[in-house]
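1. with the input below, show me the fold.
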Amino acid sequence: MTSLRTALTLRGWLLLGALCALAVTLALATNPQYGPDSRIYLAWTYWYLGHSPADAAQLSYDYLHNDPGLHNCWTCWRPDFRTSFFTGQYAIVVGPRLLLPVLSAPFVWLLGPSGLLVVPLVGYALAVLATVVLASRLWGQRWALVAGALLLLPIYVSRWSVVGQTEGPAFALVAVPLLFLPLARRTTRKHVVWYVVLVVVGLLNRQFAVALPAAVGATWLLVAIRDRALRNPWLPFAFWGNAVALVVLAAQMLVTPLLFGGDDLALSARFGDLAEDMFGARGVTAVADVTRFVIVSDLDRVKYDLPLTMLLVGATISVVLRYRSELSALAAGAFLTVSAINIYEFWPAGFRYHAPIVPILVLAVVAMLAEWWRPGRVGVRWVAGLPAHAWATIGVVTVTCLAVFASRSSFYGRTSLFHLAWSYRFLGLSPAEATARTYDQLSSQPFFAGGCTEGACWQADLFQHAASADPNLVYPLLSALFVAMFGAPGLLVVPVLAFLVTIVLLARFAAQRWGALAGTATAVAFVICDRIAVSALAGSADMLTIALCCGCLFTLPLDGRRGRLAGFGVLVGLMLASRAPAVAIVGAVGVAWLFAWRSDRSWRNPWLPYLLVSAGLSAAVVALGRVVPFLDARYSGHPRFGSVLAADLTALAGDSVLCAVLVLAIVTTPWRAAKHSLAALALGGIVAAILFEVTTGVPAGARQFGPVFPLILLAVMGMLAGLFERLGPWEAPPPPQDDETDVEPAEPAESPKRVMRT
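-> Numbers count the residues shown, from 1 in each chain. Okay, here's the model as predicted:
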C-alpha cells in the first residue's frame, strides 16, 4: 500500500494541511456545530457512559437546547424527550448507529459535550488522507495534490467535519475502503476481508453506507460486460460486500426492536402520505414529482458553493466520457444509490446525504483531468498557448458559473443607480429625465425594496457623485451605448465582457510562465472565486477594474523584460477613474520598487517610473475630486480596524477558494517577494487594500481586494506551479507485484490506456 511519505512530498502535505485547517476554520465560522440529530447522538453517548436514559436526555438538553443549530427545530424537545430518545423511531434509527456514540464516549467524558466533535473531525481527516494516497497510487503525486484540494475546498462538504453527527466518520468509511479495491493494484483475500470489515463498520455508523457496496457491485457489472468476464477482480468485493451488507441491515432491523423497544419506521407509508399531501399522488406515480422536488431543493442550496457545483459538473462529464472506467461506475453507482435513498426518505437535505461519497466523485474528476493532461498527448490544437481541452475546461466552468450567478443574483445594487443615471446623462438626457428613468427601471429591484428609502439609498439628485464612493465615469460611459439598446440590462454587458477578457488574460499570462495546465488552473480558480467573479453579472465597475488590472500585468517590467510605461499609465488612469480601491495598485508597485531597490541596491530601478506614474495619477484623481464634486470619492473616513475586519471575515468566510488564495498569499508572499516580482506586487496590493479600507472605515468584503486580485491570484499560482514541478513524475508508479494472489488478480502490466481508464 502506498505510504503517506511516498504519496506526497513534505511540502505537499504541508499545503494540504494548511488547506485542511482553513476548511475546518471556515466550517466552524459558517455553520453551527450541532444539528437536530446531534441531540440524539449526545444523549446516547451519555447513556453508553452509564447514565440513565432520562439523565442522558437531560444532559443533552442542558447543553443543546439553546444551540443555534437547533433554534428552528420545534419538535426537538417534545415533553416526552427524556424517554422517547431511546424508544420508538429514535431507537430504530439511532440504535444501530453504534459507532459515533461509542467512539465519542471517551472524548465526551474527557472534554464534555464538545467531545462529540472529535470523531467527525478525525473521520474527515482520514478521508482526505485516503483520497490522496489512492490518487497518488493511480496517477502520481501531482494529481494526488489536486485530489486533496478538490476534496477540501467545497464548504458544503467540509462543514460536516465539525458537526456532531455521523457524516464525519462516514467520509472515512467511504474513502478508506477504496484503498483495498482492485484499483491499480493486485488484490488478495486479505484485502477482501478488510474491505468487508469496513463495510460492516460503515453500516454501524449510518445505513447510507450501503451506497459503497452497491457502487462496487455496479463496478463489477461494468467490468464483466466490458471485459466479458464474470469472474473478474471485482467479483469477491461485490459479492461479499453486498452479502454482508444485506445481512447486517436485516439483523439491525430485527435485533434493534428487541434491544431498544423500537418499532418500524414505515418509510413506505410515510413516503405515500407526504407525496399525497404535496402532489396528490401515491406510490410509483409520485416518484417523478418527489424526485424533481428533492433535486430542485438541493440545487438551490448547492449553487451557493461553486467548488461543489463544479465538482458535480466535472463528475457528471467524467462519468459520461469515461463510461468504461471503473471509477465512473463507482461514482455513478454511489451517487444513484444515495439519491434513491434520499428520494425514498422524501427529505431535501442540501447535499448532506451525498457528502460522504464526495471522495469517489473527486477521484472520478481527477481521473478525467489526468487523462486529458497526460504527458505526450497528441491530437490537441493550441490556441493562445492553451490546448483545446484547456479551453473546453475553462468554457464549461465559465458557462456553469455564469448560469449559477444568473440564478441567484439580482444583478443590480445601490451603486447601479449612479451608473445608470450617468449612462443616461451621457446619452443626452437632462438630470431630471435621467433620474426619472433610473427610478422607473431600478425601483422594482430587490435591493431597492430592501430599505433603499429617501436619503438611505435613493436621492433625488443622483449626480452628487461623492455619495457613490467611487470617482466612476468610465463604466457608465462605456455602458451608455448598451443602455441605449437594452435599458438597465445594458449595465451588465461591460462586466460580462470584462469577465471574459480577464479569464483569457489570466490564462494567457500564467501559461506563458508556467505552462498550459497552470494557465487553465489560474482561469478556473478565478472563475470559482465566488465573491470576486459574481461581479460579472452585477451593475458595477468591479469587474471592469479587475480586467484593467490584468491588462497592466502585460505592461509591467516583470522577469527582467522591458515594460510599456505609456500603456501602464493609460490603464492605471482608467482604473483610478473606475473605483476608489484601485489606489491599491500604487501600493503594489511601491512594494515591488522597494524590493527591487533592496536586490539591485539602487533606487533608480525599472520600477521607479511605474511608481511615479501611478502615484502621480492617484494624486491627480484625488485632487480633481476636490475641485469637481461628482468626481470625488471616499478616500478618507473614520478608521475602524476591529469592526471592519470582523465584517470582512464574515463576508469572506463563505468563499473557500478566495479565502485559500488570500491565506496562501499572506503566508507566502513576504518570503517570496525578494525573488519574485509578482509576489512583491501581491504583497503590496494586499497591504494597500487593507489600509485603504481601514482608513475609510467602511467594510467591503472582497471588493477592496478586487482591483488587485489578479496580482494576488497569480502570485499564489506561481508558488503552486513551483511546488507542482517539485513533485514526482507525471506517471503513476507501477502497481506492486504481489506473489500471493488468493483472489484472481488484475493484469500485472496494463497498457497506459488501460491504466488511465482505471
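2. C-alpha only now, for contacts and for neighbours.
-> Will do.
3. only alpha carbons, please: show the helix or strand harbouring Tyr90 as CSV.
-> Counting by DSSP states H and E, the element that carries Tyr90 is helix 88-94. Extracted C-alpha coordinates of helix 88-94, given in CSV (Å, rounded to 0.1, in the frame of the first residue of the first chain):
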residue,chain,number,x,y,z
GLY,A,88,-39.8,4.3,19.1
GLN,A,89,-38.5,5.6,15.9
TYR,A,90,-35.4,7.2,17.5
ALA,A,91,-34.4,3.8,18.7
ILE,A,92,-34.9,2.1,15.4
VAL,A,93,-32.7,4.8,13.7
VAL,A,94,-30.0,5.6,16.2
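4. and the next helix-or-strand element following it, which residues are buried?
-> As assigned by DSSP H and E, the chain's next helix or strand after helix 88-94 is helix 99-111. Neighbour-count burial for helix 99-111 flags Leu99, Leu100, Pro101, Val102, Ser104, Ala105, Pro106, Phe107, Val108 (criterion: 16 or more other CA atoms under 10 Å).
5. and the average pLDDT for the helix holding Tyr90 is what?
-> Averaged across helix 88-94, pLDDT comes to 80.
6. out of the buried residues of helix 99-111, who's nearest Val586?
-> Using CA to CA, Phe107 is the member of those that lies nearest Val586, at 52.2 Å.
7. now do the buried residues in the longest helix seen in the chain.
-> The single longest helix within the chain, with elements called by DSSP state H, is helix 235-260. Buried residues in helix 235-260, defined by neighbour count with 16+ other CA under 10 Å: 235-238, 240-242, 244-245, 248-249, 252-253, 255-257, 260.
8. for it, packing partners?
-> The elements that helix 235-260 packs onto, with contact taken as 3 or more CA pairs under 8 Å, 6 or more residues apart in numbering; DSSP states H and E, are helix 88-94, helix 189-203, helix 211-227.
9. list the helices and strands the longest one packs on?
-> Think helix 211-227. Contacts defined by 3+ CA pairs under 8 Å, 6+ apart place helix 211-227 against helix 235-260, helix 326-345.
10. worst average pLDDT in those?
-> If you rank the helices and strands packed on helix 211-227 by mean pLDDT, helix 235-260 sits at the bottom with a mean of 88.
11. any idea how far Ala480 is from the most far-flung residue of the chain relative to its centre?
-> Centroid-distance maximum for the chain: Ser430 at 46.3 Å, with CA atoms, centre = their mean. Ser430 sits 14 Å away from Ala480, going by CA to CA, to the nearest Å.
12. about what we covered before: what's the closest of the helices and strands packed on helix 211-227 to Cys76?
-> helix 326-345 (18.9 Å).
13. distance from the chain centre to the helix or strand following the closest one, please.
-> Remark: after helix 326-345, the chain's next helix or strand is helix 358-372, criterion DSSP H and E. Here helix 358-372 is found 16 Å from its chain centre; the criterion is CA atoms, centre = their mean, to the nearest Å.
14. and helix 358-372, average pLDDT?
-> The model assigns helix 358-372 a mean pLDDT of 95.
15. same thing with stretch 676-692?
-> 92.
16. got a list of contacts for it?
-> Residues outside stretch 676-692 that contact it (CA atoms under 8 Å, 6 or more residues apart in numbering) are 558-559, 581, 583-592, 595, 635, 665-666, 669-670, 672-674, 704-705, 708, 711-712, 714-716.
17. switch the cut-off to 6 Å
-> Identification of contacts with stretch 676-692 by CA atoms under 6 Å, 6 or more residues apart in numbering yields 584, 587-589, 591-592, 669, 672-673, 704-705, 708, 711-712, 715.
18. for Val201, give its distance to Gly164.
-> 18 Å.
19. those two: which is more packed in?
-> More crowded of Val201 and Gly164, by other CA atoms under 10 Å: Gly164, with 30 against 18.
20. now do the contacts for the more buried one.
-> For Gly164, the contact set (CA under 6 Å, 6+ apart) comprises Tyr34, Ser38, Leu116, Leu117.
21. how about the strands in the stretch 351-500 of the chain?
-> For the stretch 351-500 of the chain, the strands defined by DSSP state E, counting those that start in this stretch occupy 382-383, 386-387.
22. one step back: so how far is the helix holding Tyr90 off the chain centroid?
-> With CA atoms, centre = their mean as the basis, helix 88-94 stands 34 Å off its chain's centre.
23. what do you get for stretch 483-490?
-> Relative to its parent chain, stretch 483-490 has a centroid offset of 33 Å by CA atoms, centre = their mean.
24. show the contacting residues for the nearest residue to Ser297 once chain neighbours are set aside.
-> Excluding the flanking residues, the one nearest Ser297 by CA to CA, 6 or more residues apart in numbering is Pro348, at 5.9 Å. Residues in contact with Pro348 (CA under 6 Å, 6+ apart) are Val294, Ser297, Asp298.
25. how far away is Pro348 from Ala57?
-> Pro348 is 27 Å from Ala57, by CA to CA.
26. Val284: what secondary structure?
-> Three-state call for Val284 (DSSP: H, G, I helix; E, B strand; the rest coil): helix.
27. kindly report the same for the one 3 residues further on.
-> Three states are possible here, and by three-state DSSP the one that applies to Val287 is helix.
28. ditto for Cys552
-> Secondary structure, three-state DSSP: Cys552 is helix.
29. give the contact list for it.
-> Contacts of Cys552 were listed using CA under 6 Å, 6+ apart, and they are Phe568.
30. if we use 7 Å, what do you get?
-> Counting by CA atoms under 7 Å, 6 or more residues apart in numbering, Cys552 touches Phe568, Leu571.
31. for Leu306, see how far away it is.
-> Between Cys552 and Leu306 the computed distance is 28 Å (CA to CA).
32. mind listing what Leu28 touches?
-> With CA under 7 Å, 6+ apart, Leu28 has these contacts: Val162.
33. could you check which helix or strand contains it?
-> Secondary structure assignment for Leu28, by DSSP H and E: helix 10-30.
34. tell me the first helix or strand C-terminal of that helix.
-> Toward the C-terminus, helix 10-30 is succeeded by helix 38-48 as the next helix or strand (DSSP H and E).
35. export only the CA atoms of that next one, formatted as PDB.
-> Below are the C-alpha coordinates for helix 38-48, written out as PDB (Å, rounded to 0.1, in the frame of the first residue of the first chain):
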ATOM      1  CA  SER A  38     -26.800  15.800  17.500                       C
ATOM      2  CA  ARG A  39     -29.100  15.800  20.500                       C
ATOM      3  CA  ILE A  40     -29.900  12.100  20.000                       C
ATOM      4  CA  TYR A  41     -26.300  11.100  19.500                       C
ATOM      5  CA  LEU A  42     -25.200  13.100  22.500                       C
ATOM      6  CA  ALA A  43     -27.900  11.500  24.700                       C
ATOM      7  CA  TRP A  44     -26.900   8.000  23.500                       C
ATOM      8  CA  THR A  45     -23.200   8.800  24.200                       C
ATOM      9  CA  TYR A  46     -24.100   9.700  27.800                       C
ATOM     10  CA  TRP A  47     -26.200   6.500  28.000                       C
ATOM     11  CA  TYR A  48     -23.100   4.500  26.900                       C
END
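36. who does it touch, helix- and strand-wise?
-> Other helices and strands packing on helix 38-48, by 3 or more CA pairs under 7 Å, 6 or more residues apart in numbering; DSSP states H and E, are helix 53-64, helix 99-111.
37. pipe these into TSV and attach distance to Ser599 and mean pLDDT per row.
-> Formatted as TSV, the helices and strands packed on helix 38-48 follow (distance: least, CA to CA, whole Å; pLDDT from 0 to 100):
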stretch	distance to Ser599	mean pLDDT
helix 53-64	58	92
helix 99-111	52	95
